[in-house]
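prediction below, plus the sequence it came from.
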Amino acid sequence: MNGLLVGGMGCTAPLIFFGFIWLMSCLRVVNEYERAVVFRLGKVLPQPKGPGLIFIFRPIDKAVVISLRTVVLDVPSQDVITRDNVTLKVSAVVYSKVVNPMQAVIGVENYQWATSQISQTTLRSVLGEVTLDELLADREKLSLRLREIIDSATEPWGVEVTAVELKSVDLPEQIQRAMGKQAEAEREKRAKIIAAEGELMASQQLLDAANKLSENPTAIQMRYLQTLTEIAVEKNSTIVFPLPMELMKAFENFAGKK
């Protein structure tokens with residue numbers, strides 16, 4: 001009797017041990033930012049599991065854990081030909097996150113790789129429709145347009161694109177030199193316009209001053225005296241005698257009579 005009891009316990013102990021190992025392998029901890037998509041005999045369960053401790057009935061169930069955090073995808077530098085036939089190298093950054101874990105698993109094989117590929121093709125196609133000036137001046141507008149197009153393409157995969165930012169625009173050296181010459185010519189143009197406006201304002205002020213002085217002949221004599229005072233302050237050896245305008249008129253009248 002004791003031998004049978006000992007033999008039964010000897011057979012049960014391995015079963016309990018392997019049962020405990022199997023039970024522990026069926027338990028899984030899912031983090032707060034993760035969800036587990038469970039397949040039972042190849043069919044997906046209606047709702048993802050998690051977060052927290054979940055039970056996976058092995059080997060019937062298979063779990064695929066998907067992260068819900070925002071992922072930063074670095075779009076490598078792309079060769080882009082703009083609408084005005086300028087060749088550029090443009091790189092971008094795409095911010096995306098999974099909003100539907102089930103679609104991210106069953107809708108596409110690798111949602112991150114697929115998002116990266118659609119971002120590259122969209123970047124080339126959209127920037128090829130704009131000119132160089134539009135690309136440099138309206139980067140925010142182009143980023144918004146890129147986000148809308150990429151987000152509409154990744155929506156069936158359960159992926160939401162939150163933002164797209166143009167990272168860098170590499171211009172050829174000849175284009176940089178041409179833009180430098182254009183900027184220099186623009187600055188020279190503004191300098192000439194400002195100088196011309198200054199000359200116009202100065203001439204207007206001189207005309208107003210001449211009209212004011214012509215109202216009273218004594219004002220011209222006072223101006224002569226003021227000029228002499230200014231010259232004397234500088235300690236010049238040159239002395240200037242103002243010539244009255246009435247004297248010049250007398251010479252003109254005398255010459256006219258002859």
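The structure has been received and is ready for your questions.

which parts of this structure belong to which domain?
21-67, 71-171, 173-215, 216-258 (automatic domain parsing).

need the winner for burial among those domains.
Among the domains of the chain, ranked by average contacts under mean count of other C-beta atoms under 10 Å, first place goes to domain 71-171 (a mean of 17). Bear in mind the C-beta positions are built from the backbone N, C-alpha and C, glycine included.

just to revisit the earlier point, now the domains of the chain as a markdown table including distance to residue 15 and mean pLDDT?
As requested, those are exported to a markdown table (distance: least, C-beta to C-beta, whole Å; pLDDT from 0 to 100):
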| stretch | distance to residue 15 | mean pLDDT |
| --- | --- | --- |
| domain 21-67 | 10 | 88 |
| domain 71-171 | 35 | 90 |
| domain 173-215 | 77 | 79 |
| domain 216-258 | 119 | 64 |
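
okay if I get those as JSON lines plus distance to residue 13?
Output for these, formatted as JSON lines (distance: least, C-beta to C-beta, whole Å):
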{"stretch": "domain 21-67", "distance to residue 13": "13"}
{"stretch": "domain 71-171", "distance to residue 13": "40"}
{"stretch": "domain 173-215", "distance to residue 13": "79"}
{"stretch": "domain 216-258", "distance to residue 13": "120"}
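
can you give me the strands for the stretch 151-258 of the chain?
159-170 (DSSP state E, counting those that start in this stretch).

likewise the stretch 1-150 of the chain?
Taking DSSP E, counting those that start in this stretch to define them, one finds strands in the stretch 1-150 of the chain at 27-30, 34-40, 43-44, 52-55, 61-67, 71-81, 87-98.

can you lay out these as JSON lines showing distance to residue 134?
Output for the strands of the stretch 1-150 of the chain, formatted as JSON lines (distance: least, C-beta to C-beta, whole Å):
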{"stretch": "strand 27-30", "distance to residue 134": "46"}
{"stretch": "strand 34-40", "distance to residue 134": "41"}
{"stretch": "strand 43-44", "distance to residue 134": "45"}
{"stretch": "strand 52-55", "distance to residue 134": "50"}
{"stretch": "strand 61-67", "distance to residue 134": "37"}
{"stretch": "strand 71-81", "distance to residue 134": "13"}
{"stretch": "strand 87-98", "distance to residue 134": "12"}
